[in-house]
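Participant: predicted structure and sequence below. I'll ask about it afterward.
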Amino acid sequence: MAGKFIKGALIEFMETFLLPLPNVIIFQFNPETMTHTWTQPQAAGGSGNGGEANPLAVRGVPGESFSFTVMLDSNDSIANKDPVAGSLAEISGVYSRLAALEMLQYPTGGSGGGGLLGSVSASVSIGGSGLSFGGSAEAAVKRDIPQSQVPTVLFVWGPGRIVPVRVTNLTITEKLYDGLLNPIHAEAQLGLRVLTPEELKYVTGPLKDIAKGAYTYSQGLRQALAIANLGNAAESIIGMLPL
């Protein structure tokens with residue numbers, strides 16, 4: 001439909017007591033520019049039989065990463081009169097959106113005790129006298145790190161690009177604040193690295209099969225589009241010939 005745009009998103013599946021709960025972070029405004037970086041596959045190294053190594057041999061697949069900046073503004077949510085997002089924006093500005101992005105940096109426990117919900121529950125213990133906070137947040141995270149992994153996230157950028165990624169860096173610039181010093185306007189610079197098939201073997205939890213399927217789908221679509229481009233290549237070659 002004219003005038004309608006699909007919004008990009010980051011999706012993380014969190015383990016809960018009942019069913020996996022998707023943590024969907026929809027971009028309030030799609031970034032206008034994006035840097036898509038490719039790096040060469042790792043060199044294969046020396047030959048195992050002592051012979052001369054092939055200098056052109058490589059292992060694995062090329063490295064792939066994305067970097068872009070997303071903008072967040074609470075006034076826009078309030079103006080749209082969204083009953084949920086608007087009310088939350090009035091209370092906390094864009095802090096809730098920033099917090100969701102920040103939690104993508106935290107490791108999740110191997111037994112499901114980490115992540116967005118697990119970190120909250122791990123920081124609170126129920127004692128004989130009611131609720132008590134068991135140490136600092138840093139101490140709670142350190143207890144989970146030995147058996148944890150950084151979350152695997154799906155980067156969704158339209159129907160043609162759905163890839164499993166890891167958030168490699170996050171830089172937040174807060175620009176304006178409300179009376180309670182909640183940020184009401186901010187920019188978040190994100191760096192995402194696409195996971196390789198070898199890394200996807202170690203993905204666990206509810207996102208395991210989805211991550212593998214997303215990678216296979218995106219790679220298959222890329223190959224199909226490259227084949228479709230052969231028509232353009234043939235036309236270009238004909239145009240180069242002195243006929």
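Facilitator: Everything's here; your move.

Participant: buried set for the longest strand seen in the chain?
Facilitator: Using DSSP state E to define each element, the chain has its longest strand at strand 162-177. Going by neighbour count (16 or more other Cβ atoms under 10 Å), the buried part of strand 162-177 is 162-167, 174. Yep, even glycine has a C-beta here, placed from its N, CA and C like the rest.

Participant: same list, those, but as CSV with pLDDT and distance to residue 153 please.
Facilitator: CSV is the format used below for the buried residues of strand 162-177 (pLDDT from 0 to 100; distance: Cβ to Cβ, whole Å):
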residue, pLDDT, distance to residue 153
162, 96, 11
163, 96, 10
164, 96, 7
165, 96, 5
166, 95, 7
167, 96, 6
174, 97, 23
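
Participant: hey, C-alpha coordinates of the longest strand of the chain in PDB?
Facilitator: Extracted in PDB, the C-alpha atoms of strand 162-177 (Å, rounded to 0.1, in the frame of the first residue of the first chain):
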ATOM      1  CA  ILE A 162      16.100 -11.900   8.200                       C
ATOM      2  CA  VAL A 163      19.300 -13.000   9.700                       C
ATOM      3  CA  PRO A 164      20.600 -14.300  13.100                       C
ATOM      4  CA  VAL A 165      23.000 -11.800  14.700                       C
ATOM      5  CA  ARG A 166      24.800 -10.900  17.800                       C
ATOM      6  CA  VAL A 167      24.900  -7.300  19.000                       C
ATOM      7  CA  THR A 168      28.600  -6.400  19.000                       C
ATOM      8  CA  ASN A 169      28.400  -2.800  20.100                       C
ATOM      9  CA  LEU A 170      25.800  -0.300  21.300                       C
ATOM     10  CA  THR A 171      26.400   3.400  21.800                       C
ATOM     11  CA  ILE A 172      23.600   5.600  23.100                       C
ATOM     12  CA  THR A 173      23.400   9.300  22.800                       C
ATOM     13  CA  GLU A 174      20.700  10.800  25.100                       C
ATOM     14  CA  LYS A 175      19.800  14.300  24.000                       C
ATOM     15  CA  LEU A 176      16.700  15.600  25.800                       C
ATOM     16  CA  TYR A 177      15.200  14.900  29.300                       C
END
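
Participant: what element comes up after that strand heading to the C-terminus?
Facilitator: strand 183-194 (DSSP states H and E).

Participant: for that next one, which helices and strands make contact with it?
Facilitator: strand 63-73, helix 74-79, helix 95-102, strand 153-156, strand 162-177 (3 or more Cβ pairs under 8 Å, 6 or more residues apart in numbering; DSSP states H and E).

Participant: hmm, 7 Å instead?
Facilitator: strand 63-73, helix 95-102, strand 162-177 (3 or more Cβ pairs under 7 Å, 6 or more residues apart in numbering; DSSP states H and E).

Participant: any idea how far the residue nearest to the spatial centre of the chain lies from residue 87?
Facilitator: Geometric centre of the chain, nearest residue: residue 153, 4.2 Å, by Cα atoms, centre = their mean. With distances taken as Cβ to Cβ, to the nearest Å, residue 153 is found 27 Å from residue 87.

Participant: what's the answer for residue 27, then?
Facilitator: 20 Å.

Participant: and these two? which has more neighbours close in?
Facilitator: A direct count of neighbours by other Cβ atoms under 10 Å for residue 27 and residue 87 places residue 27 higher, at 19 against 13.

Participant: how about the contacts made by the more buried one?
Facilitator: Shown in contact with residue 27 (Cβ atoms under 7 Å, 6 or more residues apart in numbering): 7-9, 70.

Participant: rerun that using 10 Å as the cut-off
Facilitator: Applying Cβ atoms under 10 Å, 6 or more residues apart in numbering, we find residue 27 in contact with 7-10, 68, 70-72, 97, 156-157, 188, 190.
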